[in-house]
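S.K.: Here is a sequence together with a model predicted from it:
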Amino acid sequence: MIKSIIKNLPKWVNSYGIEGDVVISSRIRIARNIDNFKFPTKASIDEKKSIIDKITDTFKNFNFISNFNLTGYNLLDLSDLERNSLVEMHILSPHFIIDPYNKYFFINEDGNMSIMINEEDHLRIQYLKEGFNINDAIIFIYKFTDELEKYLDFSYQKDFGYITSCPTNLGTGLRISLLCHLPFLSYSGKIRELISNSLKLSITFRGSFGEGTNPVSSLYQISNSTTLGKSEENILNMILKFGKEIIRIERKERENIMDKYRSEILDKIGRSVGIIKYSKKIDFDEANEILSWIRIGALEKVLNIPINVINQLIFKIRPNLMKIEFNTINDEEIDALRSNYLQTALGGLI
Amino acid sequence: MICDICKKREADIYITEFINSEKKTLHICDICASKLGIKGILKELNIPFDENILKKLLELMPGIVEEEKKEKVCSTCNTKFVDFEKSGFFGCPDCYKTFKDELRPILLNLHGNVKHIGKKKGEKFTLDTTFENEIKRLRRELEYAIEEERYEDAAKIRDKINELIKNDKINN
């Protein structure tokens, strides 16, 4: 199952959602810990094993596996490439795979939902949906988490709410993030002002590729920076409001820039097509840059390529996923293989 | 050393003063120190109230309190406050009880808040924006605001509740 998800990508990557021109995906993550156990950062090997047993037993005994179509994996049973590929697809966190011992995760059949055991917290439950679709995602994830709360004694204190190993997640343990493609706000430079203003609004706005790695051009992650002292609904409404505003200003900026600098933008798109058609090597950064322009071309209907195909490529060209695709671990080969891959994937379309 | 004031609890603060080369030490527990305040402590030491001494004490006291924080250990998982300061992680849920006081400024800095107002354990999350639910949610927020002496916020929340009730009456 996991091999097929790595090969075919999760459903949210393959689909084009509401307001999908700007928002690629919506992600909800909930952190929970089981009371009377040390956090994974402090727990002994035996304690970590019993946490895994406790959670997996609950999943099995109370039909979570069958009701949510989950499959469980011991992280050690996956190859290094597979683990890193799952990070590139946002299914696992970079922190989770650093030390693969005593780690376990579940994934549902379409790859949209994943549950990490013994990450920073005992449980990290996340659900991703294509496009700007937080409401659906939050209802789905709480249906799961609230049901689970009937069987697992989650650590909770009256004043602090749900207890997490790091106080940054304390309270609701809720993080809502939007993965956005903002090429026009980046092009005009207005993105810098937005990033600095977002801090005041309890919003983290950062260049994406997940957490802590190099930003991918024009891809940004927007998420709530506070989890305590706000209700789940407050956090949801805050991200909804900010998300709507981002969609509005990115579209407005697109209109302005296409109006003023149309020929420059068309030139960039044309050059990107040229690189895909005739180059022999494309490294990761260049591929991201090119795909960002190709995506603009498709949005502007200059190119006849479905947006979800471009979204798939944004993930497929990532280093570990490329290595899996071509069954190689040779770093030097990858750039040539990437160029070849893009030519084949977009061959009939450009 | 037993506290010189209450003669019951273990003393946490030692204040030594040399007056005319005579050494005088006062041993005070945390609770008595906070009850007495600085003026009270000076009175106990038989030192006339003097701004310079006050300044000196103020400089001294946070240092003492700081030292104590760092030495506090969670009895469940043996995590010290310095461990948390280094790693950013606590060891177990009980750490939140052990380091409750030390956490306050940290939580204020991170979240601008120190109290959970989200869903309680056992409650189901609903995206319910009906009138009853809004009122219930606002009343809970009002309760917290009053409890935390955020009276300006409380007034705003109260106005919002009144407005909702008024609108509901008009609509019905």
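M.R.: Yep, it's here.

S.K.: Now do residue 1: how many residues are near it, please.
M.R.: As the question left the chain open, I've gone with chain A. Using other C-beta atoms under 10 Å in any protein chain shown, A:Met1 has 13 neighbouring residues. All C-beta atoms are positioned from the backbone trio N, CA, C, and that covers glycine.

S.K.: that's the wrong chain, I meant chain B
M.R.: A count of nearby residues for B:Met1, using other C-beta under 10 Å, gives 11.

S.K.: Ok, the one 3 residues further on next?
M.R.: B:Asp4 is flanked by 17 other residues according to other C-beta under 10 Å.

S.K.: Backbone torsions only: list them for it.
M.R.: B:Asp4 has phi and psi values of phi -70, psi -20 when expressed as degrees, to the nearest 10.

S.K.: can you pull the contacts of it?
M.R.: B:11, B:26-28, B:44 (C-beta atoms under 8 Å, 6 or more residues apart in numbering or on different chains).

S.K.: Ranking by neighbours, what's the top pick from these?
M.R.: These, ranked by neighbours (other C-beta under 10 Å): first place B:Ile28, 24 neighbours.

S.K.: how far away is that residue from A:Phe68?
M.R.: Remark: distance between B:Ile28 and A:Phe68 (C-beta to C-beta, to the nearest Å) = 58 Å.

S.K.: Nearest to chain A among the contacts of B:Asp4?
M.R.: The closest of the contacts of B:Asp4 to chain A turns out to be B:Ile28 (C-beta to the nearest C-beta; 28.6 Å).

S.K.: which residues does that closest one bridge with?
M.R.: When assigned by DSSP bridges, B:Ile28 has beta-bridge partners B:Ile13.

S.K.: Surely it and B:Thr16 touch.
M.R.: No. Using C-beta atoms under 8 Å, B:Ile28 is not in contact with B:Thr16; the gap is 11.9 Å.

S.K.: Need the overlap of contacts for those two.
M.R.: With C-beta under 8 Å, 6+ apart as the test, B:Ile28 and B:Thr16 reach no residue in common.

S.K.: middle-most residue in the chain, spatially?
M.R.: Assuming you mean chain A. Taking C-alpha atoms, centre = their mean, the centroid of chain A lies closest to A:His90, which sits 3.9 Å from it.

S.K.: not what I meant, chain B
M.R.: With distances taken as C-alpha atoms, centre = their mean, B:Asp101 lies nearest the centre of chain B, 4.7 Å away.

S.K.: Tell me the pLDDT of that residue.
M.R.: pLDDT recorded at B:Asp101 is 93.

S.K.: Shouldn't it be within a helix?
M.R.: Yes. Under DSSP: H, G, I helix; E, B strand; the rest coil, B:Asp101 sits within a helix.

S.K.: separation between it and chain A?
M.R.: As judged by C-beta to the nearest C-beta, to the nearest Å, B:Asp101 and chain A stand 12 Å apart.

S.K.: cool, B:Asp153 as well?
M.R.: For B:Asp153, the distance to chain A - C-beta to the nearest C-beta - is 11 Å.

S.K.: Ok, B:Cys92 next?
M.R.: Taking C-beta to the nearest C-beta, one finds B:Cys92 at 5 Å from chain A.

S.K.: what's the nearest residue to that residue if we skip its chain neighbours?
M.R.: Spatial nearest neighbour of B:Cys92, chain neighbours left out: B:Cys77 (4.1 Å); criterion: C-beta to C-beta, 6 or more residues apart in numbering or on different chains.

S.K.: So the one you found sits against B:Gly91, correct?
M.R.: Yes. Counting by C-beta under 8 Å, B:Cys77 touches B:Gly91, with 3.5 Å between them.
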